[in-house]
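# Just to be clear, the model below is a prediction. Sequence and coordinates:
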Amino acid sequence: MPFLFPPLLPSLAPRSVMFIGLLLLVNWVPEKVNCQNDTEPMVLEGKCLVVCDSTPSAEPSGSALGMSVRSGSGRVAFSAIRNTNHEPSEMSNRTMTIYFDQILVNVGGHFDPARSIFEAPRKGVYSFSFHVVKVYNRQTIQVSLVLNGWPVISAFAGDQDVTREAATNAGLVIMERGDKTYLKLERGNLMGGWKYSTFSGFLVFPL
């Protein structure tokens, strides 16, 4: 609502008018601001952080200038390890999913420990890394990071003269909201176990 000044206000000095305007602006507080990226509206009291986006997305937003209020709750990260050599019943020739039994970090709760699958909560660029160890196994193994059923990053381990060797790789992947990724054994077997193996990922930035 615009502020209506009384008739005597024009007779005041310009500096007085500016001072009164600043006081009115400081005392005004928005009741509610809608956040982007599917977060809940935030009730702001006193101060708020306004982020100016020089490259606003094409999706409709609350401002034509690319200005938005962003919530700090969009942090996404996980890190899982294999702590035992016991092979779960699900680890078979049918699925070949590489399972992890201990969670170190699961910020946002988007990594499912029961299935060892990560599901993206939003569109963005994600970073993934894995380190899968084969123990007392002379076969060559191939491990892939699978995105929605398709391998996107692979690594091999095939030295027959060592008792432990790891297939290791890392990379950046663009994911849509709801996309799923996991590690799959594409070649060989892990009959000796894969203790000390790790699988980690995090959101680099949203799109």
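Great, that's in hand.

# Which secondary structure element of this structure has the lowest mean pLDDT?
Least confident helix or strand, the chain: strand 67-68 with a mean of 37, by mean pLDDT, DSSP states H and E.

# Just after that strand, pick out the following helix or strand.
Next along the chain after strand 67-68, taking DSSP states H and E as the criterion, comes strand 77-81.

# what are the pairing partners of that next one, and which direction each?
In the sheet, strand 77-81 lines up against strand 102-107 (antiparallel), strand 198-206 (antiparallel) (DSSP bridges).

# Check the burial of the closest residue to Thr168 other than its chain neighbours by counting its neighbours.
In space, and not counting its chain neighbours, Thr168 is closest to His131: 4.8 Å by C-beta to C-beta, 6 or more residues apart in numbering. Every residue, glycine included, has its C-beta placed from N, CA and C. Each residue near His131 was counted by other C-beta atoms under 10 Å, and the total is 19.

# how close does His131 sit to Lys184?
Per C-beta to C-beta, to the nearest Å, His131 is found 15 Å from Lys184.

# Below-threshold pLDDT in this structure: ranges please.
1-73, 86-94, 136-137, 160-163, 192 (pLDDT under 70).

# Do a quick rundown of the helices in it.
Remark: helices assigned in the chain by DSSP state H are 14-27.

# any chance you could map the strands in it?
With strands called from DSSP state E, the chain shows them at 51-52, 67-68, 77-81, 102-107, 111-112, 117-119, 124-135, 141-147, 150-157, 164-175, 180-187, 198-206.

# most tightly surrounded among those?
Burial of those is given as mean neighbour count (mean count of other C-beta atoms under 10 Å); strand 141-147 ranks first at a mean of 23.

# Quick check: neighbours of that strand in the sheet, parallel or antiparallel?
By DSSP bridges, strand 141-147 pairs with strand 150-157 (antiparallel), strand 180-187 (antiparallel).

# who's in contact with Ala157?
Val132, Lys134, Thr140, Ile141, Val143, Glu165, Ala166, Ala167 (C-beta atoms under 8 Å, 6 or more residues apart in numbering).

# Please repeat the previous calculation with a cut-off of 6 Å.
Counting by C-beta atoms under 6 Å, 6 or more residues apart in numbering, Ala157 touches Lys134, Ile141, Glu165, Ala166, Ala167.
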